[in-house]
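*Asks:* What follows is a predicted protein model with its sequence.
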Amino acid sequence: MPYLRGLGVYLPAPRMTSGDIAAASGLPEWVVREKLGIHQKPVPGPGDHPARMAGWAAQEALREAGLEASDLDVVISITDEHKDYPVWTSAPLVAQMVGAERAWAFDVNQKCATFVTALAVAEGLFAARAEVRHVLIAGGYRNGDLIDYTDPDVRFMYDLAAGGAAAVLSREGPGLRLCSTRLKTDAALAQTVRVPVGGTAEPLTPENLGRYKLRVAEPELMKSRLETVSMPGFLEVIGGALQDAGYTPADLDYLALLHMKPSAHRAVLEGLGLSEAQSIYLSDYGHLGQLDPILSIKLAREAGKIGPGSLVALAAAGVGYHWGAAVLRWENGADAGEGGA
């Protein structure tokens with residue numbers, strides 16, 4: 001199994017506060033802070049384009065891993081579809097920015113579950129191709145551009161933020177060893193959240209340009225369905241990944257969760273028998289989509305919540321509707337040589 005050896009995070013300087021969101025949406029500020037769990041979130045400044053933010057984070061991840069760009073065999077971009085240019089693959093630009101001239105590069109997109117999905121892809125590459133030694137996973141995110149704060153149906157997406165994050169995986173440690181991954185899809189929600197114009201179903205025109213925003217097509221279906229499947233989906237993929245790795249929730253030291261409303265965050269922890277101290281709630285960062293697990297691991301490491309020997313789970317869900325989880329163990333010293341993730 002590969003090891004996560006380096007992390008990188010890029011956050012733009014501008015911030016949108018709970019007060020700003022309240023003013024834009026008409027919600028009381030206490031609802032934004034306490035019910036939605038948003039104190040502030042990074043928003044893009046000039047030049048903060050998704051693939052570029054991914055490249056900046058990737059440079060940091062390589063430095064932390066102690067690797068040169070020439071060491072990379074594969075670059076996987078997890079930048080979302082809302083990126084620098086439409087109908088465009090972002091992985092080659094990330095490879096160009098870090099100088100990975102030898103690597104082959106491709107994009108993966110599974111919305112907010114993309115990082116976990118990319119870990120599963122990387123896991124397969126390491127298993128199937130002996131020549132693959134180092135893989136870079138990097139992405140940028142700014143889907144917050146697509147939010148209409150006057151639309152109450154997208155209130156659960158008011159937290160969408162901007163940033164970049166990256167992880168370097170290597171065949172050899174030390175670092176966070178990837179023990180297992182587990183993915184799940186509920187296709188019943190395939191068309192619930194989307195930008196309704198700009199695709200082949202309804203091409204973009206001057207008349208419909210104002211509708212180029214994220215919308216919930218079937219709000220009642222989504223609400224009723226998620227009430228039934230959301231929490232079981234999280235617990236299933238986390239429990240399944242732990243079981244595949246030979247562990248139980250009682251073995252976990254830390255759970256890296258994507259940003260969601262505080263009540264849902266607590267429900268996942270309670271469902272696993274974990275305390276709030278075993279996770280970090282991203283109230284000052286909002287939701288960086290698929291990048292949240294990378295940010296959460298970095299923050300946990302800086303806060304001393306994880307270290308050598310720690311067992312860590314990542315969990316995410318994305319519209320479509322997809323859940324993903326991964327289990328990693330920090331191996332150091334006698335387990336995997338000197339150093340750390």
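*Replies:* Received it, and whenever you're ready, just let me know what you need. Predicted model only: the values in this text are computed from it and were never measured.
*Asks:* Any regions of the stretch 101-250 of the chain where pLDDT drops low?
*Replies:* Under the criterion pLDDT under 70, no range of the stretch 101-250 of the chain is flagged.
*Asks:* by contact count, what packs against the longest helix along the chain?
*Replies:* The longest helix of the chain (DSSP state H) is helix 219-245. If you count contacts as 3 or more C-beta pairs under 8 Å, 6 or more residues apart in numbering; DSSP states H and E, helix 219-245 packs onto strand 175-185, helix 262-272, strand 311-318, strand 322-331. C-beta: built from backbone N, CA, C; applies to glycine.
*Asks:* Surely Tyr212 is in contact with Leu204?
*Replies:* Yes: counting by C-beta atoms under 8 Å, Leu204 is a contact partner of Tyr212 at 6.7 Å.
*Asks:* got any residues that touch both of the two?
*Replies:* 197-198 (C-beta atoms under 8 Å, 6 or more residues apart in numbering).
*Asks:* Which stretches in the stretch 51-200 of the chain count as strands?
*Replies:* Under the criterion DSSP state E, counting those that start in this stretch, the stretch 51-200 of the chain contains strands at 74-77, 104-107, 134-141, 163-170, 175-185, 193-194.
*Asks:* partners of the second one in the sheet?
*Replies:* Going back to what we said before, that points to strand 104-107. Applying DSSP bridges to the sheet, strand 104-107 is found paired with strand 74-77 (parallel).
*Asks:* just the fourth one next, same as before
*Replies:* Looking at strand 163-170 with DSSP bridges, its paired strands and their directions are strand 3-10 (antiparallel), strand 134-141 (antiparallel).
*Asks:* and Ala54, which of those strands is closest to it?
*Replies:* strand 134-141 (4.0 Å; C-beta to C-beta).
*Asks:* on that earlier part again, between the strands of the stretch 51-200 of the chain, which one is closest to Arg329.
*Replies:* Nearest to Arg329, of the strands of the stretch 51-200 of the chain and by C-beta to C-beta, is strand 175-185 at 5.2 Å.
*Asks:* Quick check: which helices or strands does that closest one pack against?
*Replies:* Using 3+ C-beta pairs under 8 Å, 6+ apart, strand 175-185 is in contact with strand 3-10, helix 114-128, helix 219-245, strand 322-331.
*Asks:* for it, which positions count as buried?
*Replies:* Using 16 or more other C-beta atoms under 10 Å as the test for burial, strand 175-185 gives 175-185.
*Asks:* Out of these, which comes closest to Ser279?
*Replies:* Leu176 (16.2 Å).
*Asks:* in the sheet, who's paired with that closest one?
*Replies:* Applying DSSP bridges, one finds that Leu176 bridges with Leu4, Trp330.
*Asks:* Pull up the gap between it and Leu169, please.
*Replies:* Using C-beta to C-beta, to the nearest Å, Leu176 is found at 9 Å from Leu169.
*Asks:* same thing with Ala138?
*Replies:* Counting by C-beta to C-beta, the gap from Ala138 to Leu169 is 11 Å.
*Asks:* And those two? Which one has more around it.
*Replies:* Ala138 (37 against 30; other C-beta atoms under 10 Å).
*Asks:* returning to that earlier point: can you redo the buried residues of strand 175-185 as CSV with distance to Asn332?
*Replies:* Formatted as CSV, these follow (distance: C-beta to C-beta, whole Å):
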residue, distance to Asn332
Gly175, 8
Leu176, 10
Arg177, 10
Leu178, 15
Cys179, 15
Ser180, 20
Thr181, 22
Arg182, 25
Leu183, 28
Lys184, 31
Thr185, 35
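*Asks:* if we can go back for a sec, deepest-packed of the strands paired with strand 163-170, please.
*Replies:* strand 134-141 (a mean of 31; mean count of other C-beta atoms under 10 Å).
*Asks:* gap between the two ends of stretch 5-20?
*Replies:* 38 Å (C-alpha to C-alpha, to the nearest Å).
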